[in-house]
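**Student:** Have a look; sequence and predicted model below, questions after that.
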Amino acid sequence: MIVRWGLDALQAVLAEVGSERPLLVTLDDVHAADEPSLLLLRFLGDALADAGIVLVASYRETESRTRELGDAFAELARVGRRIPLRGLTSADIEAYVASVTGSAPTRQAVAR
């Protein structure tokens, strides 16, 4: 019962904030999360579907934890939209660094 109250309270707070202005919640390295945390994220995905909130969670598919908790990740995919990302190429890194610094990086810098 206490856990359910906590989930409802969190959902209510986020929904209230989302009703006042758009809200972006980002979670990184979700592949390291435990099962209860993934269940919380799944609950929030359902509970906040119509709120002014976007939840973005990133994870690495290649991590063993993602496979160990495959059912939980599959449930998350049902309430959200999965956007697979690929790593940056050397050319992408070079272009990004050049645009930020105003000068082309060395090959060694790009490799690092």
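**Tutor:** Structure received.
**Student:** where do the helices sit along the chain?
**Tutor:** 2-20, 35-47, 64-68, 70-79, 90-101, 107-111 (DSSP state H).
**Student:** need the contact list for the closest residue to residue 39 other than its chain neighbours.
**Tutor:** With CB to CB, 6 or more residues apart in numbering as the criterion, residue 39 has its nearest non-adjacent residue at 6.8 Å, and that residue is residue 72. Glycine gets a C-beta too; all of them are placed from N, C-alpha and C. Contact analysis of residue 72 by CB atoms under 8 Å, 6 or more residues apart in numbering lists 35, 38, 39, 42.
**Student:** State the number of residues packed around the second one.
**Tutor:** Meaning residue 38. 20 (other CB atoms under 10 Å).
**Student:** now the residue nearest the centre of the chain, which residues is it bridged with?
**Tutor:** Residue closest to the mean C-alpha point of the chain, counted by CA atoms, centre = their mean, is residue 57 at 1.0 Å. Residues in a beta bridge with residue 57, per DSSP bridges, are residue 27.
**Student:** This completes my enquiry, with thanks.
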